[in-house]
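J.: quick check, what structure comes out for this input:
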Amino acid sequence: MSIKVRLHPILQKLTGGQEVVEVTGNTTGECLENLESRFPVIKQMIRDNRGQLRRYCSILVNSESTHPEELTTPVKDGDQIDIEVFFGGG
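T.: Numbers count the residues shown, from 1 in each chain. I've put the predicted structure just below:
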């Protein structure tokens, strides 16, 4: 099963510039674990110390919000996960 993860530009710097990474998994959480195993520094950017998604990150599956089941949403072959990162500034 192949799931495409499209990365926010700030995360692309952690994958050698890749915008899309193919992963495997049955849920969004499993797909993120697969991504993090290949690019461990991404985990620090998107998860807190408890393993939960950071408040400034959002996960979409096929352009649909997964909130509040960001890490437990089922995925199937051919789906696309988008990791969005929101930073405030002033």
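J.: pull out the buried residues from the longest helix out of those in the chain.
T.: Determined from DSSP state H, the single longest helix within the chain is helix 28-38. By neighbour count with 16 or more other Cβ atoms under 10 Å, helix 28-38 contains the buried residues Thr28, Gly29, Glu30, Cys31, Leu32, Glu33, Asn34, Leu35, Glu36. All C-beta atoms are positioned from the backbone trio N, CA, C, and that covers glycine.
J.: who's in contact with it?
T.: Residues from elsewhere that reach helix 28-38 (Cβ atoms under 8 Å, 6 or more residues apart in numbering): 3, 5, 21, 23-25, 42-43, 46-47, 59, 61, 66, 69-73, 75, 81, 83.
J.: helices - which of those residues land there?
T.: Ile42, Lys43, Ile46.
J.: select only the buried ones of those residues in ChimeraX?
T.: To isolate the buried members of the ones in helices among the contacts of helix 28-38 in ChimeraX, using 16+ other Cβ under 10 Å:
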select :42,46
